[in-house]
Structures are given as structure tokens and as C-alpha cells.
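In: Got a sequence here, can you build the structure:
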Amino acid sequence: MKKNFLFKILAISGISLAFTLSSCKSGQNGNEQPPKDTVSAQGGNLMQEGPAYDATKIDPNAAVTQITLKTLGNTMSEMKYDQTVLHVKAGTTVKLNLVNTAKDSSMQHNFLLIESGSADQVATDGLKAGPENNYTPKTKNVLVATKLVGPGMKTEITFPAPAKGTYDFICTYPGHYKMMNGKFIVE
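Out: Below is the predicted model:
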């Protein structure tokens, strides 16, 4: 009875969920696999598809471009990155340091390098990914992502520069991406 009630609530609220049911039989053939998460507003698979980032693709002989990106502001109206355009050369390795200069506990930030024009979708999917995933969806639109960084903290990520072109970068902490975004240009 409770299950039917739950399904009715979900149907009323317009949430579309896909569930994978599996039996709990043990000892059959050892080839059982856990069900895959399949929750997505667009029917995609947010939890199984992953960012394009692959640390094994870093060329140890490539030139290294060092970037320090600071987050500024202690309120929603003040928050921003200290740079809105980042330039790197194709074929280089990028070493990005994200430094959160805020003092207010609500000013948690991350850095996601994403496909150009995908900010709205990535931010929406980031909300669904939740804090346990640093508000970072596992989708092909996300090329690189740092963990969330609290006030006064910093993090570092090293990655190969993507192919020549213009990409976007955003913070996907809830409510931040409209003010915390920029262009990542690979020349």
C-alpha cells in the first residue's frame, strides 16, 4: 500500500523515475550485477556515464600551464571567479589550483570545465547529483571537475588540455553557476 502511495506522489509531482528491480537470491551463478542507477530528467544515465577526464591521457612530456583561479565574495550577490577567461595552448597539461577566498560557510565552490553551451543542463544535472557527488553530474558534457572547496580551502587538478576550441567553466554549487562562469579557450 505504501508503495502505491509513493508512486502516486511521484506521478502527481511530475517526477519521472526509472527503477531496476532485482531479486535477492544468492548463490546462483555468481554473475549477478548490481542494478544501475537510471535517474534522469532527460532519460539519460547520470550515475553511470562519466566525465571525459582521463588522467592516463596526461602526456608527461607536455608543457605545463599553471592556472590559479580564485573564488571571491561572501554573499550570493558578490560571488564570482577572479577570472572569466582562461587561455591555454593545445597539447599542454593544465595544472589548475582552485582557491576559495570566502569566509561564509555557504560559499562552497567547484570548477567544472564543460562543453560550450551546456551550462544550464550541467547545472540542473548537478543538483540531481547532489552534495555527495560535489554537485558534479557524470555526463559527457563535463570534461573536468574539481571537488567542492569550502571557505579558506583550495584544491588542485591536473588534466590534458582539450582540443582547440572554446569551452565553458562553471561552479555547480546550487544557485552559483549564473554568476560563477567563464570561457576556457584552447588555442
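
In: For this protein, which segments count as helices?
Out: Using DSSP state H, the helices of the chain run over residues 2-13, 119-129.

In: Kindly export the shortest one (C-alpha atoms) in CSV.
Out: Taking only C-alpha atoms (Å, rounded to 0.1, in the frame of the first residue of the first chain), the coordinates of helix 119-129 have been written out as CSV:
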residue,chain,number,x,y,z
ALA,A,119,25.8,25.2,-18.6
ASP,A,120,22.1,25.1,-18.0
GLN,A,121,21.9,21.3,-18.4
VAL,A,122,25.1,20.6,-16.4
ALA,A,123,23.9,22.8,-13.5
THR,A,124,20.5,21.1,-13.5
ASP,A,125,22.0,17.7,-13.6
GLY,A,126,24.5,18.8,-10.9
LEU,A,127,21.6,19.5,-8.5
LYS,A,128,20.4,15.9,-9.1
ALA,A,129,23.9,14.6,-8.5
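
In: can you pull the buried residues of that helix?
Out: 119, 121, 122, 123, 125, 126, 129 (16 or more other Cβ atoms under 10 Å). C-beta coordinates here come from the backbone N, C-alpha and C atoms, glycine included.

In: What does the pLDDT read for the first one?
Out: Reading off the per-residue confidence, residue 119 sits at a pLDDT of 98.

In: which residue sits closest to residue 101, ignoring its sequence neighbours?
Out: residue 70 (5.4 Å; Cβ to Cβ, 6 or more residues apart in numbering).

In: How much space separates the one you found from residue 56?
Out: Residue 70 is 29 Å from residue 56, where distance means Cβ to Cβ, to the nearest Å.

In: between those two, which one's more packed in?
Out: Shown here are residue 70 and residue 56; by other Cβ atoms under 10 Å, residue 70 has more neighbours (16 against 5).

In: List the beta-bridge partners for the more buried one.
Out: residue 99 (DSSP bridges).

In: which ones are touching the nearest residue to residue 75 once chain neighbours are set aside?
Out: Among residues not flanking residue 75 along the chain, residue 104 sits closest, at 7.0 Å (Cβ to Cβ, 6+ apart). Residues in contact with residue 104 (Cβ atoms under 8 Å, 6 or more residues apart in numbering) are 74, 75, 151.
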